[in-house]
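In: how would this look folded up:
(one chain, ligands or ions: 3)
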Amino acid sequence: MANSEYGYVRNFEQGDALPPSNWIVVRIDGRGFSKLCKKYNFEKPNDRRALDLMNAVATEVVRSFVDIVLAYGQSDEYSFVFHESTGLFERRAAKLATSVATAFTAEYCMQWSTFLPDQPLARPYPTFDGRCVCYPKHSILRDYLCWRQADCHINNLYNTTFWNMVLKGGMSTTEAEQALKGTVSSDKNEILFSRFGINYNSEPEAYKKGTVVYRLYVKDSCVNGSLKPENTGDKVPDTASKTQLEKERKRKQKAQIVIDHPDIIGDAFWTAHPYILASKRGQDHGE
Ligand SMILES: Nc1nc2c(ncn2[C@@H]2O[C@H](COP(=O)(O)OP(=O)(O)OP(=O)(O)O)[C@@H](O)[C@H]2O)c(=O)[nH]1
Ligand SMILES: [Mg+2]
Ligand SMILES: [Mg+2]
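Out: Ligands and ions are numbered 1, 2, ... in the order given. Next comes the predicted model:
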């Protein structure tokens with residue numbers, strides 16, 4: 001059929017392969033979740049059940065795409081970081097974004113009743129959009145993750161203060177909005193403490209920092225994020241053999257997946273887990 005008179009229509013398709021040696025972030029975001037959260041009476045500003053659902057779903061997505069090295073989530077979004085060396089779907093942007101977003105959507109709907117058993121899901125069902133962004137350097141990828149975590153903190157501090165003023169302080173939403181105009185972080189901390197007896201620092205880490213999902217490897221079982229080659233002495237081949245790649249894939253599938261709420265702006269998390277963003281052998285760009 002390829003050579004039929006209709007074959008030429010393929011020429012209208014646009015290539016969308018992402019550049020090599022870039023970290024690829026697929027960020028998914030809930031469509032119209034402001035409305036959805038109202039419809040299902042999600043607790044304000046954070047609904048633990050909805051958050052747990054998002055994290056359980058992200059864990060399954062990480063499990064099913066072995067080239068995802070880390071995922072970071074907050075609110076109705078999750079960023080999935082694919083290793084810079086991934087060859088999945090020939091790095092085609094649309095395939096990556098749609099595959100992750102649809103996997104997330106399907107899993108979210110399937111797991112909904114486990115986390116919100118009293119709220120039967122009805123149409124329009126929750127959906128998530130997805131986009132790919134490339135980061136050419138490990139340091140820029142780190143800045144991207146800092147950006148999302150800082151956003152989580154800023155929004156959570158605002159929302160926590162706002163909803164306390166409304167739900168406990170008896171203000172209307174307009175009054176609370178007006179009162180918070182022009183305030184900085186320390187003002188909000190002070191409002192929370194003096195009016196509601198809340199020490200913001202004691203709020204749950206999951207709300208303040210968002211969630212990180214990653215594979216936990218037993219110490220020393222990996223070299224630069226790759227399986228330590230067996231029976232090769234100290235020699236590490238530049239290009240992994242098919243058997244090695246297959247072994248590595250299996251090891252990733254079996255690895256324990258961790259859900260945690262660490263600070264990812266500072267260095268401590270990255271120093272403790274150097275394999276997460278490690279370049280593979282032969283692909284180190286000397287950063
Ligand atoms: N009540 C409540 N709302 C939440 C929770 N998590 C997320 N949201 C809401 O979800 C919305 C997410 O914001 P956006 O993604 O910017 O907006 P959206 O309505 O999803 O719109 P689009 O993403 O543009 O389709 C915000 O309104 C949040 O307040 C929660 O745990 N509780
Ligand atoms: Mg949204
Ligand atoms: Mg959002």
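In: all strands for this protein, in order.
Out: 23-30, 68-74, 77-82, 128-135, 211-216, 222-223, 226-227, 256-260 (DSSP state E).
In: Adjacent strands (with direction) for the last one?
Out: In this case it means strand 256-260. When pairs are called by DSSP bridges, strand 256-260 turns out to pair with strand 211-216 (antiparallel).
In: So which residues make contact with the partner strand?
Out: By Cβ atoms under 8 Å, 6 or more residues apart in numbering, the surrounding residues in contact with strand 211-216 are 51, 54-55, 58-59, 62, 69-74, 252, 255-262, 264, 269, 273, 276. C-beta coordinates here come from the backbone N, C-alpha and C atoms, glycine included.
In: Let me see the contact set for residue 151.
Out: Contacts of residue 151 by Cβ under 8 Å, 6+ apart are residue 74.
In: Could you tell me which residues make contact with residue 276?
Out: Residue 276 touches 69-70, 214, 225, 270, counting by Cβ under 8 Å, 6+ apart.
In: so how far is the longest helix anywhere in the chain from its chain's centroid?
Out: Longest helix in the chain, counting residues (DSSP state H): helix 138-167. When distances are taken as Cα atoms, centre = their mean, to the nearest Å, helix 138-167 is centred 14 Å away from the chain's centroid.
In: In the protein, what residue spans correspond to helices?
Out: Going by DSSP H, the chain shows helices at 33-39, 48-64, 93-115, 138-167, 173-180, 185-196, 205-209, 242-254, 268-272.
In: and the stretch 1-150 of the chain, which residues reach ligand 1?
Out: 29-34, 37, 42-47, 50-51, 75-76 (Cβ under 6 Å from any ligand atom).
In: what subset of those is also close to ligand 3?
Out: Restricting these to those near ligand 3 by Cβ under 5 Å from the ion leaves 29, 75-76.
In: and the chain, which of its residues are near ligand 2?
Out: 29-30, 33, 76.
In: wait, which of those residues is closest to residue 241?
Out: Proximity of the residues of the chain next to ligand 2 to residue 241 (Cβ to Cβ) peaks at residue 29, which lies at 39.2 Å.
In: mind listing what the nearest residue to the closest one once chain neighbours are set aside touches?
Out: Nearest residue to residue 29, sequence neighbours excluded (Cβ to Cβ, 6 or more residues apart in numbering): residue 77, at 4.4 Å. Residue 77 makes contact with 27-30, 148, according to Cβ under 8 Å, 6+ apart.
In: Repeat the analysis, applying 7 Å as the threshold.
Out: When contacts are counted by Cβ atoms under 7 Å, 6 or more residues apart in numbering, residue 77 touches 27-29.
In: Report the spatially nearest residue to the closest residue to ligand 1 within the stretch 101-250 of the chain, omitting neighbours in sequence.
Out: Nearest residue of the stretch 101-250 of the chain to ligand 1 (Cβ to the nearest ligand atom) works out as residue 159 at 6.6 Å. Counting by Cβ to Cβ, 6+ apart, residue 45 is the residue found nearest to residue 159 once chain neighbours are left out, at 3.4 Å.
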